[in-house]
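1. Fold the following and give me the result.
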Amino acid sequence: MRHTLPLTLAAALLASSAAAAAPMDLSIIDRAVTDFTGADIGQPGGAKLPVDRRLRLTACQAPLDLQWFGRDQRSVQIACPTAGWRIYVAVDGGSGSGRYAAAPEYGETIISRGENVSILVRGKGFTLTRQGAAAEDGARGEWIKVRATGQRTETLRAMVIRPGQVGIDLP
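-> Modelled structure (predicted):
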């Protein structure tokens with residue numbers, strides 16, 4: 001019985017170190033870029049291509065940090081603060097400013113109350129994203145209340161950009 005505890009502890013340590021060394025699931029990055037841009041891979045405004053499957057990135061243990069990159073915002077920078085890596089994904093013809101084919105008309109409700117949304121906070125030279133939920137319905141260009149994930153009562157006012165995405169521009 002005495003030898004069982006050290007063996008169990010050693011097995012647990014080996015399992016946890018193997019999990020920590022596991023590579024990043026690149027489909028998670030693809031989904032994050034789709035959520036960030038509001039467009040699917042290969043669609044106007046979305047990533048030109050999926051993340052190269054030959055990449056071997058360390059699994060990220062924190063939320064990914066996504067922001068527009070470049071003067072023309074033709075790429076999205078994705079970084080993992082805990083693993084220390086950063087990659088760039090080329091975007092097809094969009095800059096996050098609503099220049100997308102088949103965009104919904106103004107006045108048409110594209111976000112419903114309770115819907116999960118990506119909240120973009122943009123300032124001079126940076127864009128941060130956070131997941132949240134819409135506290136009310138909204139059409140493109142309207143300001144609605146949203147609640148960041150993990151916040152039970154605090155709401156923010158954000159403008160509806162496209163389905164599933166709202167934004168706040170800082171001066």
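2. what stretches of this protein score poorly on pLDDT?
-> Within the chain, the ranges that satisfy pLDDT under 70 run 1-21, 71, 93-106, 151.
3. Skipping its backbone neighbours, what lies nearest G164 in space?
-> For G164, the nearest residue in space outside its immediate sequence neighbours is V117; the separation is 5.6 Å by C-beta to C-beta, 6 or more residues apart in numbering. From N, CA and C alone the C-beta is placed, and that goes for glycine too.
4. Repeat that for N116.
-> A133 (5.8 Å).
5. For beta bridges, what are the partners of the one you found?
-> Beta-bridge partners of A133, counted by DSSP bridges, are N116, R147.
6. isn't it right up against R147?
-> Yes - because the distance of 5.4 Å satisfies C-beta atoms under 8 Å, A133 is recorded as touching R147.
7. Show me the helices in this protein, by range?
-> 4-20, 26-37 (DSSP state H).
8. For the shortest one, enumerate the helices and strands it packs against.
-> It refers to helix 26-37. Packing contacts for helix 26-37, counted by 3 or more C-beta pairs under 8 Å, 6 or more residues apart in numbering; DSSP states H and E, involve strand 65-69, strand 75-79, strand 86-90, strand 116-123, strand 126-134.
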